[in-house]
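Chemist: would you be able to build a 3D model of this:
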Amino acid sequence: MCGIFGITEKNPKLIKNIIDKCSHRGPDGNSIWSNESVTFGHNLLSITSKPKDGIQPFTTQKGNILTYNGEIFNYNNLLKKFKDKFIPKTSCDTELLGWLLDNFSYEEVICNLVDSMHAFVFYNKKNNEIILSRDHAGIKPLYFSEVKNGIIFSSEIKGLIEILPNANKIDRIGLACTSLIGANILRQTMFTGIYKVLPGESIIYNIDTKRVKYKFRNLVKPTSSKAYDVDEFYEQTMIAINNSALGMRSFGMFLSGGLDSSLVAYSLKNKLGSLNSFTTLMKPNVIDKEDYNSDAKAAKKFAKEIQLNHNEITITPETFVENWNDSIRFIEEPRYNWCLPMYFFTNKVLSTNNTIVTMAGDIGDEIFGGYNKYLKMYHLEKKPKDWSDFIKMWMVKFRAPILLNMKFNFDDLHSLLIKTLPEDIWNPEDIPNSAMALDCITTVSEDFFSRNDRFGMAFSMEGRFPLSSKNFMQYCLDINSSYKFGSKLNETKYIVKEAYKNKLPKYILEKSKTGWSAPIMNWLDSYEPLRKKFLNDISKDDGIKEIISENNYLDNLKIGREFSGKRKIISWMLRSWAQEFNMFL
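Modeler: Numbering: from 1, shown residues only. Okay, here's the model as predicted:
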């Protein structure tokens, strides 16, 4: 994983400043290429090759320029496919991607040839155009803004804030989206004038006219056309996980004790022979509606049985106090997740244990049918009648959305989303699979993947998600959702449980689903330094204070103490974000 940056003008000094600001994204080298039309920059984190072989921006055989962040998971298959035409000089997949873009159409390369996690910008000299591209699930980030001489792009928002006038002005619609459904899934970020390339999107931009020529999206669509074959499913899962284990650097596995991370760890251990695993342990633990250490106990037991090099990371109230501000600064855009300091600290610990590539089971729930909401959709008597109806149902995510003093409401956001979300992932014959496909390019991309990218890259680590392979995701969403729910009451992920019933222990297969979470609501009441920080932060003046309703900080009997607590903490997070980035309305 790396950092990519550039502008459609000759300005090496500006790009060097952004490279330095985002130096954590690549400690193995940096470089700049420019002519009169463009300036490209790159921070290198070398994974699959020696640093000298991976220096970018990369000049292709035809003289075009590529700056690229990611991995091509079907790299070896493509080498075999083109063995008579392409002879690599290194083991770096940048060289292959550059050759493909030289010799095939953008659509052919992105939609049909590579199975990758990527964000790249490619400069076609002959056409004097650039293409900005982001992978099918938005695993890798890419931001851009309009400037006087065209556009500027960066792997992180922080690379653009100081360059753009009024970037610190809060985008109210982005804020409303985050507050209502938990993450900003829109093109605009919460920073005015800074936009994202959407998951699966490629934008072709003409430098001469300073206009977008055209766009296309590479999306995984739920055909629901296949029956479930247990042997085939197991084989496809193994292929996806094995293909993700590229590189010559050390791996670290986020082992939650849940089904998805356990099956990934099981397969990686078989392939690599040795694997370091990490889980979080709450201290003091709180057993309320759930045991916050139940995942850690299962992970420890499982790691011992398959002989992982297991590590427990102790999470305390002090962890939240000490890592609160850093987690806000690196996440850049807040989201409805009260455990960001814990995730940030966990990545910090992995980096001190010689981890360069992290592995996780994210997106498993969204392609295997792991949430009860999918099961409820499957059993719906009254199905959504159209796209608009489906989106309205899909948007209902929280009992305690953040209350804002603004006129933009749920219905306004719904009217916007039915126009901006891609309707071609909607399959009216399979509502659960449609919801899974939509979750993959919204919540997963803009919450899970972006969180892993920011916190991993804060410590120069690449994050990988073996289950997010485009080919594997398509395979899973080709399987009709009726096969994903078992005959037992409330049984989800049947296709995984059946395939791994003789490989994973029963306590993993039958474990009730719990979130990777900490008892922060309880700690906020019982640990004085944490409560003191909360009260101090929300008492400050900041640019968002007037729009965050004071009712967010009160216990609401209608929704209960738990949901009131969540609303309180997310409101605190939004206030801290406004203070960290000097935001204003």
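
Chemist: relative to L275, how far out is K269?
Modeler: As defined by CB to CB, to the nearest Å, K269 lies at a distance of 5 Å from L275. Bear in mind the C-beta positions are built from the backbone N, C-alpha and C, glycine included.

Chemist: quick one: buried residues of the lengthiest helix in the chain?
Modeler: Across the chain, the longest stretch assigned as helix under DSSP state H is helix 560-580. The neighbour-count check on helix 560-580 (16 or more other CB atoms under 10 Å) flags 563-580 as buried.

Chemist: ok, now stretch 420-428?
Modeler: Taking 16+ other CB under 10 Å as the neighbour-count basis, stretch 420-428 is seen to contain the buried residues 421-422, 425-427.

Chemist: name the nearest of those residues relative to Y553.
Modeler: Taking CB to CB as the measure, Y553 lies nearest L421 of the buried residues of stretch 420-428, at 32.2 Å.

Chemist: right, and that closest one touches I391 too?
Modeler: Yes - checked against CB atoms under 8 Å, the pair L421 and I391 is within contact range at 6.7 Å.

Chemist: and this protein, what are its domains?
Modeler: What automatic domain parsing lists as the domains of the chain is 3-142+197-217, 230-367+437-511, 521-580.

Chemist: can I get those domains in a markdown table including distance to E381?
Modeler: As requested, those are exported to a markdown table (distance: least, CB to CB, whole Å):
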| stretch | distance to E381 |
| --- | --- |
| domain 3-142+197-217 | 32 |
| domain 230-367+437-511 | 16 |
| domain 521-580 | 27 |
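
Chemist: show me where the stretch 451-585 of the chain has its helices.
Modeler: 470-478, 494-499, 506-509, 520-526, 528-539, 560-580 (DSSP state H, counting those that start in this stretch).

Chemist: quick one: contacts of the last one?
Modeler: It refers to helix 560-580. Taking contacts as CB atoms under 8 Å, 6 or more residues apart in numbering, the residues outside helix 560-580 that touch it are 170, 175, 178-179, 289, 324-325, 328-329, 333-334, 336-338, 340, 398-403, 520-521, 524, 534, 537-538, 540, 542-545, 548, 552-556, 559, 583.

Chemist: please redo it, this time with the cut-off set to 7 Å
Modeler: Counting by CB atoms under 7 Å, 6 or more residues apart in numbering, helix 560-580 makes contact with 324-325, 328-329, 334, 336, 338, 399-400, 402, 520-521, 534, 537-538, 540, 542-545, 548, 552-553, 555-556, all of which sit outside it.

Chemist: inside strands: which ones of these?
Modeler: Filtering the contacts of helix 560-580 for membership in strands, criterion DSSP state E, returns an empty set.

Chemist: and the gap between I402 and R335?
Modeler: For I402, the distance to R335 equals 11 Å [CB to CB].

Chemist: of these two, who's got more company?
Modeler: Taking other CB atoms under 10 Å, I402 and R335 do not tie; I402 has more neighbours (24 against 21).

Chemist: in the helix or strand harbouring S261, which residues are buried?
Modeler: Secondary structure assigned from DSSP states H and E places S261 in helix 259-272. For helix 259-272, the buried set under the neighbour-count rule, 16+ other CB under 10 Å, comprises 259-269.

Chemist: make JSON lines out of these and add pLDDT and distance to L45.
Modeler: Shown next, in JSON lines, are those (pLDDT from 0 to 100; distance: CB to CB, whole Å):
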{"residue": "L259", "pLDDT": "96", "distance to L45": "30"}
{"residue": "D260", "pLDDT": "97", "distance to L45": "25"}
{"residue": "S261", "pLDDT": "97", "distance to L45": "23"}
{"residue": "S262", "pLDDT": "97", "distance to L45": "28"}
{"residue": "L263", "pLDDT": "97", "distance to L45": "27"}
{"residue": "V264", "pLDDT": "98", "distance to L45": "22"}
{"residue": "A265", "pLDDT": "98", "distance to L45": "23"}
{"residue": "Y266", "pLDDT": "97", "distance to L45": "27"}
{"residue": "S267", "pLDDT": "96", "distance to L45": "24"}
{"residue": "L268", "pLDDT": "96", "distance to L45": "20"}
{"residue": "K269", "pLDDT": "96", "distance to L45": "24"}
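
Chemist: ok so, going back, what do K269 and L275 both touch?
Modeler: L308.

Chemist: from the centroid of this protein, which residue is nearest?
Modeler: The residue at the geometric middle of the chain, judged as the C-alpha nearest the mean C-alpha position with CA atoms, centre = their mean, is F449 (1.2 Å).

Chemist: that residue - that's part of a strand, no?
Modeler: No - when the secondary structure is assigned by DSSP: H, G, I helix; E, B strand; the rest coil, F449 falls in helix instead of a strand.

Chemist: give me every residue that touches it.
Modeler: Neighbours of F449 in contact, by CB under 7 Å, 6+ apart: 138-139, 362.

Chemist: which residues touch stretch 407-421?
Modeler: By CB under 7 Å, 6+ apart, stretch 407-421 touches 172-173, 176-177, 180, 186, 387-388, 391-392, 395, 438.

Chemist: so which of the residues you listed are in strands?
Modeler: Checking the contacts of stretch 407-421 against strands, none of them qualifies (DSSP E).

Chemist: of those, buried ones?
Modeler: Among those, those classed as buried by neighbour count (16+ other CB under 10 Å) are 172-173, 176-177, 180, 186, 387, 391, 438.

Chemist: of the contacts of helix 560-580, select the buried ones using a ChimeraX command.
Modeler: Once 16+ other CB under 10 Å is used to decide burial, the buried members of the contacts of helix 560-580 can be selected in ChimeraX as follows:
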select :324,328,329,334,336,338,400,402,520,521,534,537,538,542,543,544,545,548,552,553,556
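
Chemist: for the residue located most distally from the centre of the chain, phi and psi?
Modeler: Computed with CA atoms, centre = their mean, the residue of the chain farthest from its C-alpha average is D84, at 36.4 Å. Summarising the backbone geometry of D84 under the convention degrees, to the nearest 10, its torsions are phi -90, psi -10.

Chemist: for the buried residues of stretch 420-428, give me JSON lines that also has secondary structure, distance to G486 and pLDDT.
Modeler: Below are the buried residues of stretch 420-428 laid out as JSON lines (DSSP: H, G, I helix; E, B strand; the rest coil; distance: CB to CB, whole Å; pLDDT from 0 to 100):
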{"residue": "L421", "secondary structure": "coil", "distance to G486": "30", "pLDDT": "98"}
{"residue": "P422", "secondary structure": "coil", "distance to G486": "31", "pLDDT": "98"}
{"residue": "I425", "secondary structure": "helix", "distance to G486": "25", "pLDDT": "97"}
{"residue": "W426", "secondary structure": "coil", "distance to G486": "26", "pLDDT": "97"}
{"residue": "N427", "secondary structure": "coil", "distance to G486": "22", "pLDDT": "98"}
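
Chemist: cheers, nothing more for now.
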